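> Coordinates for the following, if possible.
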Amino acid sequence: MENNSGKHLKKELGVFSGISLVAGMTIGSGIYYLGSYVLERVNMSMGMALVCWIVGGIVSILGGLCFAELGAEMPVTGGMTTYLAKAYHPLAGFVNGFSGFLLTASGSIASLALAAVTPFQEEFAFSEPVTKAIAIGLIVLFTIINLRGIKTAAAIQNISMVLRLVPLVLVIVLGVFAGKSQPDLSLATAFTTDTPPTFFNIVKVIGYATFASLWAYEGWTNLNTVAGEMKRPKRDLPLAIIISMGGIMLIYTLFNFAVYRIIPQAEVNSMIADGNIYLGKTAAFNVMGNFGKWIVLIGMAVGIVGTVNGDCLVFPRTYYAMARGGFFFKKCGEVNDKGVPAFAIIASSAMSIILVLFNSLQQLTDWLVTVSALLNLMAIFAVLIFRKKYPDMERPYKVWGGVPVIILTCLLFVVLLVNNFVEDPLTSAKGLIIIALCIPFYYIFRKLNGGMEYDTDKIDN
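Numbering: from 1, shown residues only. Okay, here's the model as predicted:
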C-alpha cells in the first residue's frame, strides 16, 4: 500500500464510522429545503410528495446494494473512479474523478457550506458577500481538521452524526404526536385537467419529483472512496451502506410527514411561493416558538457542517487515486506524516472555494444532480460488467436478488434521467457539458505522463 513517498493511508475506519460517514454525508442540507422543490413538482400534493420521498429512498437503497458489491470485491481508495476505469475504459474513470473536481465533489462542498449559512441570513440579515465569506471560512476550517489525519476527521463525523439527528427527531416527534393539521394525502391532487392521472403522467410526475429528492439521498457512493482505509471493508462496507440508507429513507419520509402535520397546506403553499423553503425551521417555531426554531437552526447547521467535514475527508481520496494512477497532478498522490493526501485535500478545498465565489446554492444543486445520477447509473451497471470481465474475483457480498435487482435499479435510474431531460432540458444539458469538458483533460494528463494509460494497479488497496 506504499506510495512513492514511502507513506501510506491508514486503516482506521470501522462499521460505525462507515455508517457515520454515509449518514453524515447524506443527512445534510437537502432534507431541510428539497422538500419544497419536491412539493412544487407534484403540484403541492403532500401525499404524492411522500410517495416520491419513498421512491427516492428505494432507488438509493438499490443503488447502495449494487455499489456495496463493488466495494466488497474491490476495496480500493478512489471508489467509483477506479470501478469505472476498470469496467469501461480509463477515460470513464477519469471523467468521474475530474468532473467531481470541477463540479460534483467540489460543488457539493461549496453548496453545503453555503447551505449551512443561508438559513441564518433572515435571522442576522447577512449580505451575500458575508454569507460567502462565512462559507469559505467553514471550508478552510475543515480542510485544516482533515490535514490532521483521518482519525480526527472521523471522530468529528461520529459526533456530528448524533447531533444532526436531534432537530430531525424533534420535528418528527412533535409533528407526529403533537401536530394538529390533517394533511390531505390524496394522490389525486398531483394531477389537473391538463395532466390527468394516466400511466404516462403518473410516471412523469413521480419521476420528475423523485429526481429532486435524490440530492438529499446522495452520499451512498462515498463510503467506497475510503474503502482502502477501512479495517474490514469486505464485511463492514456493505453493512454500513445498507443500515444507513434504510434508516435515512425512514427518517426523511417521517420528517416530511411531520412537517405536513404541523404546517397547514395553505401556509406551506404561501411559504414556498414567497421563497421560504426551510419548512422544518417554521415547523419547530409553530410548535415551540423561538426555542424550537433555534434548536432546529443549530442542529441543522451542525449537521450540514458535519457533511462538509465528510466531503473534505472523502473526495480528496479520489484525486489521490487518480494521481496514483497517473492522471492528475502528481502532488495529489503524496501522503503526509499524518497519513492523509494533504495536497489533494488542499486542491479540493481550493476548487470548492472558487465555486462558492461564483455560484449560488440553487445553481450548484441543479447542476449536481444530473451529473451524479448519470455516473451512478454507469457504476451500477458496472456490477454486471465486473461479473463478466472478472468471474474469478472474490465476492464476499453479492447484490441481494441477483441480476434482476441490478437490472431493475439501472432501469429506474434510466427512467429518472430521461424524465428529467424531458422536463428540464437546459439544466440536464449543462451537466452533459461539464462531462464533455473533462475529456480533453484526459488526453492532456496522458501526454504529461508520457502517454501512459490510467493505471489502476498503482492505486492503494
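> Going by C-alpha atoms from here, please, whenever you check contacts or count neighbours.
Will do.
> does residue 39 count as helix, strand or coil?
Of the three states, residue 39 takes helix according to DSSP: H, G, I helix; E, B strand; the rest coil.
> Just to check, it is in contact with residue 45?
Yes. Residue 39 is within contact range of residue 45, at 6.3 Å (criterion: CA atoms under 8 Å).
> Quick check: which element contains residue 392?
Assigned by DSSP states H and E, residue 392 falls within no helix or strand.
> How many residues are close by it?
When neighbours are defined as other CA atoms under 10 Å, residue 392 has 9 of them.
> Need the per-residue pLDDT for residue 430.
At residue 430, the predicted lDDT confidence score is 80.
> Now it: which helix or strand?
Short version: residue 430 belongs to helix 425-448, going by DSSP H and E.
> Now do that helix: which elements does it pack against?
In terms of contacts (3 or more CA pairs under 8 Å, 6 or more residues apart in numbering; DSSP states H and E), helix 425-448 is packed against helix 90-99, helix 361-389, helix 403-423.
> Now it: buried residues?
By 16 or more other CA atoms under 10 Å, the buried positions in helix 425-448 come out as 427-428, 430-431, 434-435, 438-439, 441-443, 445-446.
> orientation of it relative to helix 361-389 in degrees?
Orientation check (axes from the mean of the first three to the mean of the last three CA atoms, to 10 degrees): helix 425-448 against helix 361-389 gives 60 degrees.
> Please save the CA atoms from helix 425-448 in CSV.
C-alpha atoms of helix 425-448 as CSV (Å, rounded to 0.1, in the frame of the first residue of the first chain):
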residue,chain,number,x,y,z
PRO,A,425,-33.5,20.0,-20.7
LEU,A,426,-31.4,23.1,-20.1
THR,A,427,-30.1,22.0,-16.7
SER,A,428,-29.5,18.5,-18.0
ALA,A,429,-27.6,19.8,-21.0
LYS,A,430,-25.3,21.8,-18.6
GLY,A,431,-24.5,18.6,-16.8
LEU,A,432,-23.5,16.9,-20.1
ILE,A,433,-21.3,19.9,-21.0
ILE,A,434,-19.4,19.5,-17.7
ILE,A,435,-18.8,15.9,-18.6
ALA,A,436,-17.7,16.8,-22.1
LEU,A,437,-15.2,19.4,-20.8
CYS,A,438,-13.4,16.7,-18.9
ILE,A,439,-12.5,14.6,-22.0
PRO,A,440,-9.7,16.9,-23.3
PHE,A,441,-8.0,16.9,-19.9
TYR,A,442,-7.8,13.1,-20.0
TYR,A,443,-5.5,13.4,-23.0
ILE,A,444,-3.6,16.4,-21.6
PHE,A,445,-2.7,14.4,-18.4
ARG,A,446,-2.0,11.4,-20.5
LYS,A,447,0.5,13.4,-22.6
LEU,A,448,2.1,14.9,-19.5
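> show me the contacts for the closest residue to residue 394 other than its chain neighbours.
Leaving aside its sequence neighbours, residue 394 sits nearest to residue 73 (CA to CA, 6 or more residues apart in numbering; 5.9 Å). Residue 73 makes contact with 234, 393, 394, 395, 396, 397, according to CA atoms under 8 Å, 6 or more residues apart in numbering.
> mind listing what's buried in the helix or strand of the chain at the bottom of the mean pLDDT ranking?
Lowest mean confidence among the helices and strands of the chain (mean pLDDT, DSSP states H and E): helix 15-26, at a mean of 75. Buried positions in helix 15-26, judged by neighbour count with 16+ other CA under 10 Å: 15, 17, 18, 19, 20, 21, 22, 23, 24, 25, 26.
> Need the three-state assignment for the residue of the chain positioned farthest from its centre.
Distance from the C-alpha centroid of the chain peaks at residue 193, with 36.2 Å (CA atoms, centre = their mean). Of the three states, residue 193 takes coil under three-state DSSP.
> Adjust the sequence numbering to begin at 22 for everything that follows.
Will do, 22 is the new start, and the previous item becomes residue 214.
> What pLDDT does the model give it?
What the model reports as pLDDT for residue 214 is 82.
> Next, find the distance separating it from residue 223.
The spacing between residue 214 and residue 223, counted by CA to CA, to the nearest Å, is 13 Å.
> joint contacts of these two?
Contact with both residue 214 and residue 223 is made by no residue, according to CA under 8 Å, 6+ apart.
> Pull out the buried positions in stretch 270-289.
270, 272-286, 289.
> Just the CA coordinates for that stretch, please, in PDB.
Extracted in PDB, the C-alpha atoms of stretch 270-289 (Å, rounded to 0.1, in the frame of the first residue of the first chain):
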ATOM      1  CA  MET A 270     -35.300   6.800   4.000                       C
ATOM      2  CA  LEU A 271     -37.400   6.200   7.100                       C
ATOM      3  CA  ILE A 272     -36.200   9.500   8.700                       C
ATOM      4  CA  TYR A 273     -36.800  11.600   5.500                       C
ATOM      5  CA  THR A 274     -40.300  10.300   5.000                       C
ATOM      6  CA  LEU A 275     -41.300  10.800   8.600                       C
ATOM      7  CA  PHE A 276     -39.700  14.200   8.700                       C
ATOM      8  CA  ASN A 277     -41.800  15.500   5.700                       C
ATOM      9  CA  PHE A 278     -45.000  13.900   7.100                       C
ATOM     10  CA  ALA A 279     -44.300  15.600  10.500                       C
ATOM     11  CA  VAL A 280     -43.900  19.000   8.700                       C
ATOM     12  CA  TYR A 281     -47.300  18.500   7.000                       C
ATOM     13  CA  ARG A 282     -48.800  17.700  10.400                       C
ATOM     14  CA  ILE A 283     -47.600  21.000  11.800                       C
ATOM     15  CA  ILE A 284     -47.900  23.400   8.900                       C
ATOM     16  CA  PRO A 285     -51.300  23.700   7.200                       C
ATOM     17  CA  GLN A 286     -51.400  23.200   3.400                       C
ATOM     18  CA  ALA A 287     -52.200  26.900   2.700                       C
ATOM     19  CA  GLU A 288     -49.300  28.100   4.900                       C
ATOM     20  CA  VAL A 289     -46.900  25.700   3.100                       C
END
